[in-house]
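Q: Here is my input; please provide its structure:
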Amino acid sequence: MIYSPPFGQADLTNCERELIQLAGSIQPHGLLLVLDQPDGVIVQASSNAANCLGVASGSLIGTSLTALLGDIAQRVLECATVADLAEPLPLQCSTVTCDVVKYWEGALHRIEPGRLIVELETTADAPTFTVAHDQHRLLQLVGDSVQRLSNAANIGVLADTAALRVRELIGYDRVMVYKFDADGHGKIIAEARDPRLESLLGHHYPATDIPQRARELYLRNRVRVLVDVHYEPSVLETAAESADNSPLDMSMSFLRSMSPLHLQYLKNMGVTATLVVSLVREGKLWGLIAAHHYSPRNVRFAVRAACDLLAEVMSTRIAAIENYAHAQVAVMVRRLEQRLIEATSTEGDWRLALFRNPRTLLQPLEATGAALFTDGEVLTSGEVPSTPELRELLQWIDTQSKETLFSCSSVAKANPMLDSLTPTASGVLAVKLSTKRPDYLMWFRKEQLLTVTWGGDPSKPMFGNDPRELSPRRSFAAWSEIVRSTALPWTSAELALGRAIGAALVDIIVQVHAVRLLVAEHQLAGIRATVESSGESVAIADADGRLLFCNHAFAALTGRSGDEIPDLQQVARLFTDPHAMRRTLAALNGGQPPWRGEMALRLEDKSALPVAVRAEVVPGRDGKMLGFILTLFDLRDSKRAAAARRHLEESMQLAAHGRSLNAAMDDAPRGADEVIGAILTNASLAAMDIADGSIGTPVAALLEELETSTQRAASLYEQIRAFTGKAVESAR
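A: Numbering: from 1, shown residues only. Predicted structure coming up:
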């Protein structure tokens, strides 16, 4: 069993497993209460809570929340009626001490049935400077920022805009945008800073700087604020006679104490206060917006919600930009596919056409060489290793993954036995073309010496005798290294292009082999295996319409085996409109060009399955027809995507007319409609970009995620107005 050190007892050898969610203390600028439901008895409290609430020390635990004056008990009770409090719910309330009203803001969430965590921060003047804006100014900043983020055309401009706008919003000394690579290392891709500070733009930070448990919490708890790195924690207290000594899960607590190692890390950088907002893409941590300040600094809840909203809008725009690149991939692949099909019909071999023009194959992926492994042969283009080395590489790649796509930017590091490939094939991108044989198309990149600037030497020893003195790096001076045996990493767009080209080649291979089934019966066994293993649904008939062959995919899709379908007339009966299919087949028989369209299969349970149909006639060399090829494609996913887009558009139309917003919008200040409009415009633009890019991406899931993100952004906007509106009322 792997040892997980308790909070505060980790060192650099095991900090990856530190139980940071079980901190047992909070930052002292707020207070925390743990309540038992339904009576609202306080069973745990931070050590500063009694003093903050004006209660005698030691008398808070065991007291019902209703014993506190003010509306705190009422507000908590109202929130507690919400069925699911797994996510923190914003809370505003008041307490009364010696006839003095004190206003609070915070959140509560449920950690287990019958138990709530309530966290509060005072809205009154505090010793620590707190960032706040009046409602008009905050709405203006948010609305303008959403519009600017929505107009960003690429990731670089988007990140620069986000850094500038967040710094304008919160006023921290430095605001950075981190992007994580596939190995978890972070790179600062944008920065807005005080001109007196040294720039960190372009610096890399190793994955170990953010342990995996911290990354998991960043996914759940999107905004984290550290007010003062030099704080003294306020520990959680429990009744002495309590039988429950299990540590409190503080995963969703915004006041939770931070790991001493992380605090030491910040002290070594000279940083006093931080604000970190997660950038989430398809349920994964894409990056972070990280703000550093060099004196204590807090942020009001409305401003935190604004930061969260901007990160949500940025995440949506990231999805749109990256998916739009995939849409461009589709255009390139269609052109390549057409050239190969034409070459197959005129020359009989698509492989020669693929390698005839090296620039066409290599340039789109910025590769320096390529190799095709098919039917035991090797064809190459550009600068490539020797044939024996290529076969060794093929053998290794074929054992690495069951996926159809494989990529690596340093073959020598991944497999030192292949170090000799470094000069010509340091990086490799491979797509598998067969499920039965080691057939691959590979692209190669030469070694490229890279100078990487790290925020301190990541390999430098950092151990001391006193655990409190341990730190990830004692010096954050820029440290550079020359990276060898490495090629430029493959981008997400290049991976999408490689995957799409592979899919196109698989399609072409199936078509070529389907033709050969008609013209070369002595090759039937080998070719049948290729078509049979294809994931595409294919049926082949002779010139008289007798069914010669249908693969497993066709039988699985239609629910009928080849024995049950003797001819194309019976195939037509599988559709909800058999007459339409018969008319199509008759038109093909009469000399019409190949037909593509959409129909629906009638399944055994009487339901209809939408499919795309490709029907074509195969001519012989003498001009006579050899037969028919019928290919079916399951359209359920694309239909789901279309439904998701319609649902999103309907939701946005409702929101645009104010139907899905809170009734409080009726008296919203000027500028509110512009902000909602900007959020909806951003969602609409993202929806168009996502829908345009359908190569290798789950469009329906992305659209559903976009709708959820847009609803969340609107909810955060309502929080901003609610909190700032409450502040305005308090000021009156």
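Q: Going by C-alpha atoms from here, please, whenever you check contacts or count neighbours.
A: OK.
Q: tell me the centre residue of this structure?
A: Residue closest to the mean C-alpha point of the chain, counted by C-alpha atoms, centre = their mean, is residue 281 at 2.2 Å.
Q: Scan the helices and strands of this structure for the one with the lowest mean pLDDT.
A: strand 479-483 (a mean of 48; mean pLDDT, DSSP states H and E).
Q: and the helix or strand harbouring residue 509, how far out from the chain's middle?
A: According to DSSP states H and E, residue 509 maps onto helix 492-519. On the basis of C-alpha atoms, centre = their mean, to the nearest Å, helix 492-519 sits 28 Å off its chain's mean C-alpha point.
Q: packing partners for that helix?
A: helix 301-347, strand 405-408, strand 427-432, helix 524-532, strand 625-634 (3 or more C-alpha pairs under 8 Å, 6 or more residues apart in numbering; DSSP states H and E).
Q: for it, what is the average pLDDT?
A: If you average the pLDDT over helix 492-519, you get 74.
Q: Can you tell me how far the residue nearest to the residue nearest to the centre of the chain when sequence neighbours are not counted is from residue 708?
A: Nearest residue to residue 281, sequence neighbours excluded (C-alpha to C-alpha, 6 or more residues apart in numbering): residue 315, at 6.1 Å. Distance, residue 315 to residue 708, using C-alpha to C-alpha, to the nearest Å: 12 Å.
Q: Between the two, tell me which one has more neighbours.
A: residue 315 (22 against 13; other C-alpha atoms under 10 Å).
Q: so what secondary structure elements neighbour the helix or strand in which residue 711 is found?
A: Secondary structure from DSSP H and E places residue 711 in helix 699-731. Helices and strands touching helix 699-731, by 3+ C-alpha pairs under 8 Å, 6+ apart, are helix 135-150, helix 301-347, helix 636-656, helix 672-692.
Q: which one of those helices lies closest to residue 120?
A: With C-alpha to C-alpha as the criterion, residue 120 lies closest to helix 301-347 of the helices and strands packed on helix 699-731, at 10.5 Å.
Q: I'd like the mean pLDDT over that closest one, please.
A: 78.
Q: Kindly report the same for stretch 276-290.
A: Stretch 276-290 comes out at a mean pLDDT of 92.
Q: Likewise for stretch 46-61?
A: For stretch 46-61, the mean confidence score works out to 85.
Q: Hmm, the residue nearest to the centre of the chain is touching residue 320, no?
A: No: using C-alpha atoms under 8 Å, residue 281 is not in contact with residue 320, being 10.5 Å away.
Q: Show the contacting residues for residue 597.
A: Neighbouring residues of residue 597 by C-alpha atoms under 8 Å, 6 or more residues apart in numbering: 612-614.
Q: Please repeat the previous calculation with a cut-off of 10 Å.
A: 584, 611-615 (C-alpha atoms under 10 Å, 6 or more residues apart in numbering).
Q: Just to be sure, it is in a helix?
A: No: per DSSP: H, G, I helix; E, B strand; the rest coil, residue 597 lies outside any helix segment and is strand.
Q: Show me the beta-bridge partners of it.
A: Judged by DSSP bridges, the bridge partners of residue 597 are residue 613.
Q: circling back to that earlier point, surely the residue nearest to the centre of the chain touches residue 321?
A: No: using C-alpha atoms under 10 Å, residue 281 is not in contact with residue 321; the gap is 11.8 Å.
Q: Common neighbours of the two, please.
A: With C-alpha under 10 Å, 6+ apart, residue 281 and residue 321 have common neighbours residue 315.
Q: Backbone torsions only: list them for the residue nearest to the centre of the chain.
A: The phi/psi pair for residue 281 (degrees, to the nearest 10) reads phi -130, psi 120.
Q: start at 51 instead
A: I'll keep to 51 as the first residue from here, and by that count the last item is residue 331.
Q: need the contact list for it.
A: 337, 362, 364-369, 752, 755.
Q: for residue 472, same thing?
A: 435, 460-463, 495-498, 534-537.
Q: With neighbour count and secondary structure added, can I get these in CSV?
A: As requested, these are arranged in CSV below (neighbours: other C-alpha atoms under 10 Å; DSSP: H, G, I helix; E, B strand; the rest coil):
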residue, neighbour count, secondary structure
435, 20, coil
460, 25, coil
461, 25, helix
462, 20, helix
463, 16, helix
495, 29, strand
496, 24, coil
497, 22, coil
498, 16, coil
534, 16, coil
535, 21, coil
536, 23, coil
537, 25, coil
